[in-house]
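> Fold the following and give me the result.
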Amino acid sequence: MQQAAAYQRASDQNLKIITAYFGLSLVGLGALTPSQALSQAGAFQALDDHSLNVITAWGVVNALPTSTNLLTVGPGAQYSTIKAALTNASAGNTIIVYPGTYTENNLLKSGVNYFFYPGTLITYTNTGFDLTSGYGFFDDRATGKTTNKIAGYGDFYYSVGTNLNNTCHGNTNVAGCVLTTTNPATDIYFEARACDGDAWPDCAGVLVNGVSSSPSLFWIAAATNCEVHTVELRNPAVLTSQNSIVDAVNLFYWETGSTYLFASHIGQSFSYGIWANTRVNTVQNLWVSFQLNESYTYITLSGPNNKMWIDCKEIRVTNGIAGGSTAISQFGGRVYVKAEKIGATGPNTGGGVIAMTGAGEQWTTAQKITSSAGNNWVQNAGGTNYLSVQQLEAPGGGIINSAGGITYFNPSVVSNAVAPFAITFPATTVNWTNLTGGTITLFIDNTGVTGTATKLNGTTIYASTVLDVQLTLKPNDYFSETYTLGTPTGKFIFQ
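Numbers count the residues shown, from 1 in each chain. Purely as a prediction, here's the structure:
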């Protein structure tokens, strides 16, 4: 700790980032020139060549590389272009890219790592038609299986282009603009400040592992491990048109491999913000964490061995697929959603803020779900949804429609058993008003009941069978249910 503190004092202003991602302990040396940075790094190495253990807010950081393992790019550095440094780099080397703008693509090389300084912009606009020019910034179709750590605070912008090739506009060989992984043995760590791109596709894309690609910022077809960290994930040209085609770049596409996406902000997309699309019912896991997602999440999983976790502050969708009326659409697999707020406020198409088809299962925990006027909170046409939410909000009212599926809303089986006060349900229809003088929580068990529709104060909240219903009734609030087979049971407790 004393040595770590001494190193920190030696360059308290210039030592901005200390990271163990690829053994690079001194990067981000502020205003130092490349030669000064290398000299200082070498001096620190000489202080303790056998074991530098620096303790910082990042954790334990090990093993400063020698200056011979570093290649620098930028004004006054060893190389003026990233490609030139990459040509001379070997596995285990780290390329440090200094602030500036670099117009290059196809920057992946097996075992070669990167650190991008703040103020670095990597940009590329496609003007070709071939596969090589169609590679993204980092694309393992060019390398085969690879292990890389790409770190720092770079900005990445990639355009698929609009050039005409026969009847197609843009390069149809593009899969992932920023990162493409196709090999099940590839292991990638990637971080950036911002990842942007655009595409106006009017033809099917190249086949990637048997799937017709659609231009995306990230195309994770296969990997043994892939971890992506970014502050911004965006389509800056969203809703603009070229050749009568609306910009429809996907932001993040995933098929197989243990994959982690961490983003502060996932911006708007006319297509998919996150598209999880497995094709085999083997163990495949995707973890997604963000503060705000403004794009549609589309989930097509093959079976219960395919799982996706979403942990976030807010999902707020206003446009895109389904007209902005759907935030999460799931077909198959198992999905676990934890959010403070989920909202889809685009024009009502009846799709549901959460839409389910197929035989999947979804566990959703949220403080609030908000829909556009008349839209459904949940449209469950298949599968099972376990929904726990504190508040449902919709201008003009919304419903939970489980025609074809099963929705457990704030499951009340246990609560129903322990609530002390029972109510009586008639044979076919119940209309019950809270005349207790207090606010109550009512638990309704619809097990064995069909044809159930539930209204609260005259507003339909469930249009079809929901097995377990939990309602909050203030004094003089009333609810009704209609049913054709079986009789519900209900109990309540004072709040």
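> center of this structure, which residue is that?
With distances taken as C-alpha atoms, centre = their mean, Val288 lies nearest the centre of the chain, 4.5 Å away.
> How confident is the prediction for Ser11, by pLDDT?
In this model, Ser11 is scored at 37, pLDDT.
> returning to what we had before: could you pull up the residues touching the residue nearest to the centre of the chain?
Val288 is in contact with 260-261, 274, 308-312, counting by C-beta atoms under 8 Å, 6 or more residues apart in numbering. The way it works is simple: take the backbone N, C-alpha and C, and place the C-beta from them, glycine included.
> centre of the chain versus the helix or strand harbouring it, how much separation?
Secondary structure assignment for Val288, by DSSP states H and E: strand 284-293. How far strand 284-293 lies from its chain's middle: 4 Å, per C-alpha atoms, centre = their mean, to the nearest Å.
> Direction included, what does it pair up with?
Sheet pairing for strand 284-293, assigned by DSSP bridges, gives strand 258-266 (parallel), strand 306-317 (parallel).
> Output the following helix or strand past the first one as CSV, nothing but the C-alphas.
If I follow you right, that is strand 258-266. The helix or strand immediately downstream of strand 258-266 is strand 274-277, counting by DSSP H and E. Presented in CSV, the C-alpha positions along strand 274-277 are these (Å, rounded to 0.1, in the frame of the first residue of the first chain):
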residue,chain,number,x,y,z
ILE,A,274,-31.1,-5.4,-28.0
TRP,A,275,-31.8,-8.5,-30.0
ALA,A,276,-31.2,-11.8,-28.3
ASN,A,277,-31.6,-14.6,-30.9
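> Okay, now the sheet partners of strand 274-277, with direction.
Strand 274-277 is paired, per DSSP bridges, with strand 250-254 (parallel), strand 297-300 (parallel).
> Can you tell me what sits against it?
With C-beta under 8 Å, 6+ apart, strand 274-277 has contacts from 211, 216, 250-255, 261, 266, 286, 288, 293, 295, 297-301, 306, 308, 333.
> Take the strands paired with strand 284-293 and lay them out in a markdown table including mean pLDDT.
Shown next, in a markdown table, are the strands paired with strand 284-293 (pLDDT from 0 to 100):
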| stretch | mean pLDDT |
| --- | --- |
| strand 258-266 | 98 |
| strand 306-317 | 96 |
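> Just send those strands back as a markdown table, with distance to Glu227 too.
As requested, the strands paired with strand 284-293 are exported to a markdown table (distance: least, C-beta to C-beta, whole Å):
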| stretch | distance to Glu227 |
| --- | --- |
| strand 258-266 | 5 |
| strand 306-317 | 14 |
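> Out of those strands, flag the one nearest Ile245.
strand 306-317 (21.6 Å; C-beta to C-beta).
> buried sites along that closest one?
306-310, 312, 314-317 (16 or more other C-beta atoms under 10 Å).
> From the contacts of strand 274-277, list just the buried residues.
Neighbour counting by 16+ other C-beta under 10 Å classes 211, 216, 250-255, 261, 266, 286, 288, 293, 295, 297-301, 306, 308, 333 among the contacts of strand 274-277 as buried.
> need the helices for the stretch 351-495 of the chain, in chain order.
413-418 (DSSP state H, counting those that start in this stretch).
> give me the number of residues near Thr167?
Thr167: 7 surrounding residues under other C-beta atoms under 10 Å.
> so how far is Cys203 from it?
The spacing between Thr167 and Cys203, counted by C-beta to C-beta, to the nearest Å, is 7 Å.
> Give me the neighbour count for Thr460.
Thr460: 15 neighbours (other C-beta under 10 Å).
> Columns distance to Trp432 on top of the contacts of Val288, output as CSV?
Shown next, in CSV, are the contacts of Val288 (distance: C-beta to C-beta, whole Å):
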residue, distance to Trp432
Tyr260, 48
Leu261, 47
Ile274, 42
Met308, 40
Trp309, 39
Ile310, 37
Asp311, 38
Cys312, 37
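> and the gap between Ser464 and Gly404?
On the measure of C-beta to C-beta, Ser464 and Gly404 end up 9 Å apart.
> From the chain's centroid, how far away is stretch 111-131?
The answer for stretch 111-131 is 22 Å, by C-alpha atoms, centre = their mean.
> And for stretch 431-440?
Distance of stretch 431-440 from its chain centroid, counting by C-alpha atoms, centre = their mean, is 43 Å.
> hang on, the earlier thing: need the max-distance pair from the buried residues of strand 306-317.
Top of the distance list for the buried residues of strand 306-317 (C-beta to C-beta): Asn306 and Arg316, 26.2 Å.
> picking that back up, need the strands paired with strand 274-277 in JSON lines with distance to Asn106, can you?
Compiled in JSON lines, the strands paired with strand 274-277 are given as follows (distance: least, C-beta to C-beta, whole Å):
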{"stretch": "strand 250-254", "distance to Asn106": "19"}
{"stretch": "strand 297-300", "distance to Asn106": "29"}
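> and of these, who's closest to Asn69?
Nearest to Asn69, of all those, is strand 250-254, at 31.9 Å by C-beta to C-beta.
> quick one, helices of the stretch 1-150 of the chain?
2-10, 34-47, 82-88, 131-134.
> I'd like to know which elements the last one is packed against.
Applying 3 or more C-beta pairs under 8 Å, 6 or more residues apart in numbering; DSSP states H and E, one finds that helix 131-134 contacts no other helix or strand.
> Now do the buried residues in that helix.
131, 133-134.
> Pick out whichever of those residues sits closest to Ala85.
Compare each of the buried residues of helix 131-134 with Ala85 using C-beta to C-beta and the shortest gap goes to Ser133, at 20.4 Å.
> Contacts only, for the closest one.
Contacts of Ser133 (C-beta under 8 Å, 6+ apart): 105, 126-127, 171, 173.
> State the distance from Ala77 to Thr101.
For Ala77 relative to Thr101 (C-beta to C-beta), the value is 14 Å.
> between those two, who's got more neighbours?
Between Ala77 and Thr101, counting by other C-beta under 10 Å, Ala77 is the more crowded of the two (19 against 11).
> Break the protein down into its structural domains.
With domains defined by automatic domain parsing, the chain comprises 2-62, 79-409, 414-494.
> Tabulate these (a markdown table), appending distance to Val73.
Output for the domains of the chain, formatted as a markdown table (distance: least, C-beta to C-beta, whole Å):
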| stretch | distance to Val73 |
| --- | --- |
| domain 2-62 | 9 |
| domain 79-409 | 5 |
| domain 414-494 | 59 |
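> Could you look over the ones you listed and pick the most buried one?
domain 79-409 (a mean of 21; mean count of other C-beta atoms under 10 Å).
> That one: end-to-end distance?
60 Å (C-alpha to C-alpha, to the nearest Å).
> out of the strands paired with strand 284-293, which comes closest to Tyr157?
Using C-beta to C-beta, the strands paired with strand 284-293 put strand 258-266 closest to Tyr157, at 15.9 Å.
> Identify all contacting residues around the closest one.
So strand 258-266 is in contact with 218, 220, 223-234, 251-252, 273-274, 284-295, going by C-beta under 8 Å, 6+ apart.
> let's see 6 Å
220, 225-233, 252, 273, 285-293, 295 (C-beta atoms under 6 Å, 6 or more residues apart in numbering).
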